[in-house]
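[1] with the sequence up front, the predicted model follows.
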Amino acid sequence: MKAMQITAPHEALVLADLPVPRPGRGELLIKVHACGVCRTDLHVADGELTGGKLPVIPGHEIVGEVVENAAGAERFAPGTRVGVPWLGYTCGACAYCASGRENLCDSARFTGFHIDGGYAEYTVADQRYCFALPLEYDDTAAAPLLCAGLIGYRALMMAGNGERLGIYGFGAAAHIVAQVARYQGRRIFAFTRPGDEEAQGFALKLGAAWAGDSAAKPPEELDAAIIFAPAGPLVVNALRAVAKGGTVVCAGIHMSDIPAFPYAILWEERVIRSVANLTRRDGEEFLALAPQVPVRTVVEEFGLAQANEALTRLREGRLTGAAVLKIRT
Ligand SMILES: [Zn+2]
Ligand SMILES: [Zn+2]
């Protein structure tokens, strides 16, 4: 099969010809139709996230079709369309797993990082971590729901119930979260790279009440802010923008260092927190909610061999919505 592999950090992905993987007990062999391109893939390719396997096939927003069920993997019949997310395995026994926090499992393994992912014509996944996908979405439209959507949803829940929500970085996750937040009756304040009028226009089109530069002061205090862009200084900007008791949620897996800041901007019960990974429950909830909103994903399609171009465009902020590799043509 054709696959795009990360062979070494800081180097372009390599198009490889590999044997189709074999599913082990409890696993599905999946023919990949589409795979979303997530900022986490970029962090792995750029060597900012280490500890995974190498070489690795990245990609953890996988939409595909079950083509083979190994023993003990009867949950999805052959031909069923399934989604494969970032969470690929948990131990089920540690204190985190036992307390409904499998996203923090001590032995968690992640798709496209510890386990080969979806930048390939085929992949193998543990059926327990796969999702059924809502029929309302075609393959490329569904792909961004599986990480940008899921993690965005988890971040939104961690932001509390406040009405005035700031979003820093208006890319794949933000464009989905904004639609869910609007559905919940919140107002969105979108912060983008300075001068990025295209992203600001995109945010306004999706119903944001205001859009501006990341260093700007919003027209009113915010109840919460979610930071999707991987830039530590945004934490300080967001703290200055939230009201007393407000929460700043850092939703990315990697961020540049957060500069020192005066305690006064954290004082009055402001909170900074991160959001890590997903639970299967997040996935089930979000995939049921998305068609009700209804969330409409905006995607830019690329071929499998164009994965490097998609990653470059993501790195440079030159994408509208989410990049998706369309693998079955
Ligand atoms: Zn565990
Ligand atoms: Zn992701």
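    Arrived safely. Residues are numbered from 1 along each chain as shown. Ligands and ions are numbered 1, 2, ... in the order given.

[2] mind listing the strands for the stretch 1-150 of the chain?
    2-5, 14-17, 27-37, 62-69, 81-84, 87-89, 109-110, 122-126, 131-132 (DSSP state E, counting those that start in this stretch).

[3] now for the fourth one, which elements pack on it?
    Taking 3 or more CB pairs under 8 Å, 6 or more residues apart in numbering; DSSP states H and E as the contact definition, the neighbouring helices and strands of strand 62-69 are strand 27-37, strand 81-84, strand 122-126, helix 139-142. Yep, even glycine has a C-beta here, placed from its N, CA and C like the rest.

[4] of those, give the one that comes closest to ligand 2.
    Among the helices and strands packed on strand 62-69, strand 27-37 comes nearest to ligand 2, with 7.6 Å by CB to the ion.

[5] how about the closest one, does it reach ligand 2?
    No. Strand 27-37 stays clear of ligand 2 (CB under 5 Å from the ion), getting no nearer than 7.6 Å.

[6] quick one: mean pLDDT for that strand?
    Averaging pLDDT along strand 27-37 gives 98.

[7] that one: how far from the chain's middle?
    A distance of 16 Å separates the centroid of the chain from that of strand 27-37, by CA atoms, centre = their mean, to the nearest Å.

[8] that one to strand 122-126, inter-axis angle?
    For strand 27-37 against strand 122-126, the angle by axes from the mean of the first three to the mean of the last three CA atoms, to 10 degrees is 110 degrees.

[9] winner for burial among the strands of the stretch 1-150 of the chain?
    Highest mean neighbour count of those: strand 27-37, a mean of 26 (counted as mean count of other CB atoms under 10 Å).

[10] so what strands line up beside that strand?
    Strand pairing for strand 27-37, determined by DSSP bridges: strand 62-69 (antiparallel), strand 122-126 (antiparallel), strand 322-326 (antiparallel).

[11] of all the strands of the stretch 1-150 of the chain, which one is nearest ligand 1?
    Using CB to the ion, the strands of the stretch 1-150 of the chain put strand 87-89 closest to ligand 1, at 9.3 Å.

[12] alright, I will stop here.
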